[in-house]
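A.B. asks: Let's see this in three dimensions:
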Amino acid sequence: MKILIFGDIVGKIGRRALSAVLPDLRKKHQPDLVIANGENLAHGKGITRSTVDEMFAAGVDILTGGNHTFEGKEGPLLLGDPLYRGRILRPGNYPEGVPGIGFATKEVGTRRVCVINLQGRVFMKAAVDDPLRAFDRLLAEASALAKPQIVMVDFHSEATSEGNAFGWYADGRATAVWGTHTHVPTADERILPGGTAFQTDVGMTGFASGVIGVAKEGPIKTMQTALPVVHELPDEGPAVANALLVEADPKTGKATSVERIQRYVEIR
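C.D. replies: Numbers count the residues shown, from 1 in each chain. Predicted coordinates:
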């Protein structure tokens, strides 16, 4: 089984970049499932009905999330909408009562794939629960409900060390663990000793000639003046799509190969 994973899709240019590269990646790799992080879909922060529908129409099967998923008026509403239940996730270690769900199990052919979404705590503002205990709980719930053969985990975190620690914690119990949130791809993709495919951060799909998806002038000005600025997010120009391709054996639940993918495309 092959699973294609995209990191944070940033704004309109990111959505268009994914739509541009996915057909070729599908033809070349023939993934059985496509997962993408959607917390930055709507102009860099949050989700809207139109932006999530655009991604589903482009071929994404499941959208994971993060702290920005809750920004804007539509995010909490979409997370609680039965129409999107199991298709849009938010971190499963948010407190009880928060709209949405933190894991979903999807039938892929004759196999069952569980996708779990968690958020780190280091350098993150949201006071979420311990992601390690949350992983144990969600995995137990998923196993009791559906007995999935494949377990995929999006670990949304700021600190690379925390992501690394979680990868080791889940090794042998998850088929794959990948990081999102920093927008910067790491060159450490590998299969851990227990059979878990791992990458600290997949990286973003978005504007390539800037700083983590926004025009470079804003962050540079902040560095020069120590003052906050309004960041601009271009809709056109050079874009990059970062992804991770994981191949797994459904009989064992272990990863058999992992490949980092990077594609550049001009969006006009």
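
A.B. asks: quick check: mean pLDDT across stretch 169-189?
C.D. replies: The pLDDT scores in stretch 169-189 average 99.

A.B. asks: Let me see the ranges of the strands in this structure.
C.D. replies: 2-8, 33-37, 62-64, 103-108, 111-119, 150-156, 176-180, 190-191, 197-199, 205-207, 210-211, 214-215, 237-249, 254-267 (DSSP state E).

A.B. asks: Specify the beta-bridge partners of the most centrally placed residue in the chain.
C.D. replies: For the chain, the residue nearest the mean C-alpha position is N37 (3.0 Å; C-alpha atoms, centre = their mean). Per DSSP bridges, the residues bridged to N37 are D8, T64.

A.B. asks: That one touches W178, doesn't it?
C.D. replies: No: N37 is not in contact with W178 according to C-beta atoms under 8 Å; the separation is 9.2 Å. Where you see a C-beta, it was placed from the backbone N, CA and C, and this is true even at glycine.

A.B. asks: what do the two both touch?
C.D. replies: Counting by C-beta atoms under 8 Å, 6 or more residues apart in numbering, the common neighbours of N37 and W178 are 7, 154, 202.

A.B. asks: could you dump those to a markdown table with distance to A58 and neighbour count?
C.D. replies: Shown next, in a markdown table, are these (distance: C-beta to C-beta, whole Å; neighbours: other C-beta atoms under 10 Å):
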| residue | distance to A58 | neighbour count |
| --- | --- | --- |
| G7 | 15 | 31 |
| D154 | 18 | 29 |
| V202 | 17 | 29 |
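
A.B. asks: So which of those is the closest to G253?
C.D. replies: D154 (17.3 Å; C-beta to C-beta).

A.B. asks: Relative to G66, how far out is that closest one?
C.D. replies: Note on D154: its distance to G66, by C-beta to C-beta, to the nearest Å, is 8 Å.

A.B. asks: Give the residues shared as contacts by those two.
C.D. replies: Contact criterion C-beta under 8 Å, 6+ apart; residues bridging D154 and G66 by contacting each: 37, 180.

A.B. asks: pLDDT score for the residue nearest to H181 when sequence neighbours are not counted?
C.D. replies: Of all residues beyond its chain neighbours, the one nearest H181 is H156 (4.8 Å), with distances taken as C-beta to C-beta, 6 or more residues apart in numbering. Looking at H156, its pLDDT is 98.

A.B. asks: H156 contacts E39, doesn't it?
C.D. replies: Yes: with contacts counted by C-beta under 8 Å, H156 reaches E39, the gap being 7.5 Å.

A.B. asks: what sits in contact with each of these two?
C.D. replies: Jointly contacting H156 and E39 under the rule C-beta under 8 Å, 6+ apart are 64-67, 180-181.

A.B. asks: correct me, but G14 touches G203?
C.D. replies: No: using C-beta under 8 Å, G14 is not in contact with G203; the gap is 11.3 Å.

A.B. asks: of the two, who's got more company?
C.D. replies: The neighbour comparison of G14 against G203 (other C-beta atoms under 10 Å) goes to G14, with 31 against 27.

A.B. asks: give me every residue that touches that one.
C.D. replies: Here G14 is in contact with 8, 40-41, 204-207, 213, 239 (C-beta under 8 Å, 6+ apart).

A.B. asks: Measure how buried the closest residue to R87 other than its chain neighbours is and give me the count.
C.D. replies: Closest residue to R87 apart from its sequence neighbours, by C-beta to C-beta, 6+ apart: I62 at 6.0 Å. I62: 23 surrounding residues under other C-beta under 10 Å.

A.B. asks: isn't I62 right next to I101, touching?
C.D. replies: No: counting by C-beta under 8 Å, I62 does not reach I101; the two are 11.4 Å apart.

A.B. asks: what sits in contact with each of these two?
C.D. replies: Residues touching both I62 and I101 (C-beta under 8 Å, 6+ apart) are 86, 89.
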